[in-house]
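Novice: Sequence first, predicted model second:
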Amino acid sequence: MISTTRTPRNPLLGLIPHMSGEWAAIVWTAAVGILNNLALIVLAVIGSYMVALAVMRQEVAAPVWWFVGIAAVVLRAVLTWHEMDTSHSIAYRILAALRMALFDGFARGVPSRKPGQHTGKLAATAMGDVEKLEFFYAHTVAQLAGSAILFIAGVAFLLPLGPEVAGALLLGFAALVAVTLPGLRRGARLGARVQQARSAVSVLAVDLLAGTREILGFGLQEHAQRQLAERSLVVDAGQRKLSSFLALAGSLRELCVLGTVVAVFLAAISKPGLDAVWLPALVAGTLTLLAPVAEGVATVTQLQPHRASAQRVLEGISLPSDRGVAPAVLEFDPNGPLGVEVKNLQFTYDDGQPALRPTSLSVAPGEHVGISGRSGAGKTTLARLLVRLWAPDSGSISLVSRDGREVDAWAVSEASFRRMVTLVEQDSPVFHGSVLDNMRLACPNVTASEVLEALERAGLPLTGDRWAEGVDTVIGEQGMSLSGGERARFCLARALLIKPRILVLDETSASLDPASEQALVKTLGAIAGETTIITVSHRESTLAACDRRVHLAD
Ligand SMILES: Nc1ncnc2c1ncn2[C@@H]1O[C@H](COP(=O)(O)OP(=O)(O)OP(=O)(O)O)[C@@H](O)[C@H]1O
């Protein structure tokens, strides 16, 4: 986990450390790309020479030229396949590396704490920006390096023909840059607009998907469709402008390439001693050399959107932990339930309104404490602070072992902490997939029988036709096939699998009918003692089962 908040001046360079494992592969692809381009140049030169020889002198080229030509064809076929194969696999690895780093950052920055953050925007960054960068690092960097190296080699190769010939090539390069530079800002502006418009579509799509029920309930389908169509039109209009601009810039560059080829040709024919049969080869070689260079110049001058994407990704990756300190390393793994010692805990969301006023609380190992309080008093906030989803603005939370050892919760390593403390909320997420898939999120190696046992303990035995496929039963997106009560028990079972030392429940019983609530209370009674339970609830009947009750004052 990288928690730096420093942003390098060039974000494209700043992302490099996050792909450190891929550099050897990227250099390899660049080398393969160079060899492939070289084979193309050789093929063009030799092919033109052989044709010129046949047309101008009615001669067949020596066998060695045939051999080199055929070797170049074979080499190109093999290298093109290999290049595609390796660059695709690098692309996927880079995609995965950047996305993992991003999700890590998002997880640390916990978007829900920040009202300014929007899942749609984060999704646009994680998907669109990362894809753009994946292409840049896996293909473009190699392509740029390849065309630059070949261009320098080409100039060196033409020097023996005279400084005018090599000079014409250099002049052509300068012209390419000169026609591209003036449009730089406009291209960047258009690119940024398209990116922004795409992000707006993503934001809307996420909102519409999340609000499907409301859209249907209020009959807003047409309105939603119109909104989506309007935003998509903005993308379309921007993309058209950008495409026209790029096409114009491309034509100008092609004109430059053509001019350069003519200039090289004219410089070469003015040289005495150059056999005319080589002139077509010179033209073909210059053309095949300049085409990727022209593309490279275009790419370099259009890097602004990539920089903007890299900036967004880097910001996501570098989201400071709410705690903003170096990762904790203490391995604290005592046996049995843990107590909690909360001292003067305070927390404020980004809006500046205190959500939790100074709060102190002692929970003994194995105790079952109920927390009540008026709506908005900060119970959920406290629950999330206890499980270290957010860090307090001030005050402390300590874990206390049965033998009296007390450690700062934030000093404990992430892995160790997550093995000991867990949270079940009223709307804890359930993912699309089978029962087992969901359970394995908490406990990757859990067996089917352990899952069945945990579900049974949580009061959700998988019996009856509905669960005919047992732990392989698919429960649908967001657990749609579960009722509210079943969902609560399902999430409780998932939490029980890790055998937590502290179990925090936030309104887990809120949507249960009295019978299910009693079943849950019974389950908690059964595990009380082996684990410490902190239950946040409004319900008198849930709180009544606790050893002790704490009322959270406003
Ligand atoms: N992400 C957030 N951003 C800004 N303010 C928030 C956020 N989440 C909660 N709040 C505010 O913090 C305060 C405490 O909220 P919290 O959800 O902790 O209360 P609660 O006691 O659990 O309420 P309830 O019983 O209604 O669930 C409230 O004033 C709430 O409006």
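Specialist: In hand now; what should we look at?
Novice: okay, the residue nearest to G33 when sequence neighbours are not counted: pLDDT?
Specialist: Ranked by Cβ to Cβ, 6 or more residues apart in numbering and with sequence neighbours excluded, the top spatial neighbour of G33 is G146, at 4.2 Å. To be clear about C-beta, it is placed using only N, CA and C from the backbone, and glycine gets the same treatment. Here the pLDDT value assigned to G146 is 84.
Novice: Correct me if wrong: L79 contacts N37.
Specialist: No: shown here, L79 and N37 do not form a contact pair, counting by Cβ atoms under 8 Å, at 9.3 Å.
Novice: and N36, what helix or strand is that in?
Specialist: Element membership for N36, per DSSP states H and E: helix 23-57.
Novice: mind checking how far M84 is from A138?
Specialist: M84 sits 11 Å away from A138, taking Cβ to Cβ, to the nearest Å as the criterion.
Novice: Flag the shaky bits of the stretch 351-500 of the chain, pLDDT-wise.
Specialist: Where the stretch 351-500 of the chain drops to pLDDT under 70, the residues are 351.
Novice: need the residues of it near the ligand, please.
Specialist: Proximity of the stretch 351-500 of the chain to the ligand, by Cβ under 6 Å from any ligand atom, involves residues D351, A355, G373, S375, G376, A377, G378, K379, T380, T381.
Novice: mind redoing it with 5 Å?
Specialist: Applying Cβ under 5 Å from any ligand atom, we find that the stretch 351-500 of the chain lies next to the ligand at A355, S375, G376, A377, G378, K379, T380, T381.
Novice: and what of the chain?
Specialist: The chain comes close to the ligand at residues Y349, A355, S375, G376, A377, G378, K379, T380, T381, as judged by Cβ under 5 Å from any ligand atom.
Novice: And the furthest pair within these?
Specialist: Y349 and S375 (16.0 Å; Cβ to Cβ).
Novice: More neighbours: these two, which one.
Specialist: More neighbours surround Y349 than the other of Y349 and S375, with 15 against 6 (other Cβ atoms under 10 Å).
Novice: now that one, nearest residue through space, not along the chain?
Specialist: Per Cβ to Cβ, 6+ apart, closest to Y349 is A355, 5.5 Å.
Novice: so which helix or strand takes in the residue nearest to the spatial centre of the chain?
Specialist: Centroid-nearest residue in the chain: R99, 2.3 Å away (criterion: Cα atoms, centre = their mean). Applying DSSP H and E as the criterion places R99 in helix 63-109.
Novice: Report the angle between that helix and helix 23-57.
Specialist: With axes from the mean of the first three to the mean of the last three Cα atoms, to 10 degrees defining the directions, helix 63-109 sits at 150 degrees from helix 23-57.
Novice: From the chain's centroid, how far away is helix 63-109?
Specialist: 20 Å (Cα atoms, centre = their mean, to the nearest Å).
Novice: And the protein, what are its domain boundaries?
Specialist: Under automatic domain parsing, the residue ranges defining each domain of the chain are 11-317, 339-552.
Novice: and the helix holding N36, what does it pack onto?
Specialist: The elements that helix 23-57 packs onto, with contact taken as 3 or more Cβ pairs under 8 Å, 6 or more residues apart in numbering; DSSP states H and E, are helix 63-109, helix 141-158, helix 279-301.
Novice: from the middle of its chain, how far away would the last one be?
Specialist: Going back to what we said before, that points to helix 279-301. Counting by Cα atoms, centre = their mean, helix 279-301 comes out at 35 Å from the chain centroid.
Novice: So which elements touch that helix?
Specialist: So helix 279-301, by 3+ Cβ pairs under 8 Å, 6+ apart, packs with helix 23-57, helix 141-158, helix 163-180, helix 221-269.
Novice: any chance of those in TSV, with mean neighbour count too?
Specialist: Below are those laid out as TSV (neighbours: other Cβ atoms under 10 Å):
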stretch	mean neighbour count
helix 23-57	18
helix 141-158	18
helix 163-180	18
helix 221-269	15
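Novice: Is it possible to get a markdown table of those that adds distance to E425?
Specialist: Shown next, in a markdown table, are the helices and strands packed on helix 279-301 (distance: least, Cβ to Cβ, whole Å):
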| stretch | distance to E425 |
| --- | --- |
| helix 23-57 | 42 |
| helix 141-158 | 44 |
| helix 163-180 | 54 |
| helix 221-269 | 29 |
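Novice: Okay, helices next: where are they in the stretch 451-554 of the chain?
Specialist: 484-497, 514-527, 540-543 (DSSP state H, counting those that start in this stretch).
Novice: then the shortest one to PDB, C-alphas only?
Specialist: In other words, helix 540-543. C-alpha atoms of helix 540-543 as PDB (Å, rounded to 0.1, in the frame of the first residue of the first chain):
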ATOM      1  CA  GLU A 540     -35.600  -2.400  22.600                       C
ATOM      2  CA  SER A 541     -35.900  -6.100  22.100                       C
ATOM      3  CA  THR A 542     -32.500  -6.400  20.600                       C
ATOM      4  CA  LEU A 543     -30.900  -4.200  23.200                       C
END
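Novice: which other helices and strands contact it?
Specialist: Counting by 3+ Cβ pairs under 8 Å, 6+ apart, helix 540-543 packs on strand 368-373, helix 514-527.
Novice: mind checking how far the next helix or strand along the chain from the shortest one is from the chain centre?
Specialist: So that's strand 368-373. Heading C-terminal from strand 368-373, the first helix or strand you meet, by DSSP H and E, is helix 379-386. Relative to the chain's own centre, helix 379-386 is displaced by 28 Å; criterion: Cα atoms, centre = their mean.
Novice: tell me the angle helix 379-386 makes with strand 368-373.
Specialist: 140 degrees.
Novice: which residues touch helix 379-386?
Specialist: Under the contact criterion Cβ atoms under 8 Å, 6 or more residues apart in numbering, helix 379-386 has outside partners 340, 342, 345, 347, 355-356, 359, 371-373, 390-392, 397, 421, 423, 425, 502, 504, 506-507, 534, 536, 552.
Novice: can you pull the contacts of the closest residue to S516 other than its chain neighbours?
Specialist: Once flanking residues are discounted, S516 sits nearest to G485: 4.3 Å by Cβ to Cβ, 6+ apart. By Cβ under 8 Å, 6+ apart, G485 lies in contact with S511, L512, D513, S516.
Novice: I317: neighbour count?
Specialist: Neighbours of I317 under the rule other Cβ under 10 Å: 25.
Novice: need the contact list for it.
Specialist: Contacts of I317 were listed using Cβ under 8 Å, 6+ apart, and they are I2, L15, H18, L98, A101, L102, D104, G105.
Novice: repeat for G433
Specialist: By Cβ under 8 Å, 6+ apart, the contact set of G433 is V474, I475.
Novice: Tell me the spacing between it and E414.
Specialist: Per Cβ to Cβ, G433 is found 25 Å from E414.
Novice: same thing with D437?
Specialist: 23 Å.
Novice: wait, V430 sits on V474?
Specialist: No: if you go by Cβ under 8 Å, V430 and V474 don't touch, sitting 11.4 Å apart.
Novice: ok, these two, which is more surrounded?
Specialist: Using other Cβ under 10 Å, the more surrounded residue of V430 and V474 is V430, with 22 against 12.
Novice: In three-state terms, how would the more buried one be classified?
Specialist: Using DSSP: H, G, I helix; E, B strand; the rest coil, the secondary structure recorded for V430 is coil.
Novice: helix or strand right after the lowest-mean-pLDDT helix or strand in the chain?
Specialist: Averaged element by element with mean pLDDT, DSSP states H and E, the chain has its least confident helix or strand at helix 119-124 (a mean of 70). Using DSSP H and E, the helix or strand that follows helix 119-124 in sequence is helix 130-135.
Novice: So which residues make contact with that following helix?
Specialist: Identification of contacts with helix 130-135 by Cβ under 8 Å, 6+ apart yields 12, 15, 91-92, 94-95, 98-99, 102, 305-306, 309-310, 313.
Novice: Can you point out the buried residues in that helix?
Specialist: Within helix 130-135, the residues that count as buried by 16 or more other Cβ atoms under 10 Å are V130, K132, L133, E134, F135.
Novice: got it, and stretch 469-480?
Specialist: Neighbour-count burial for stretch 469-480 [16+ other Cβ under 10 Å]: V471, I475, G479.
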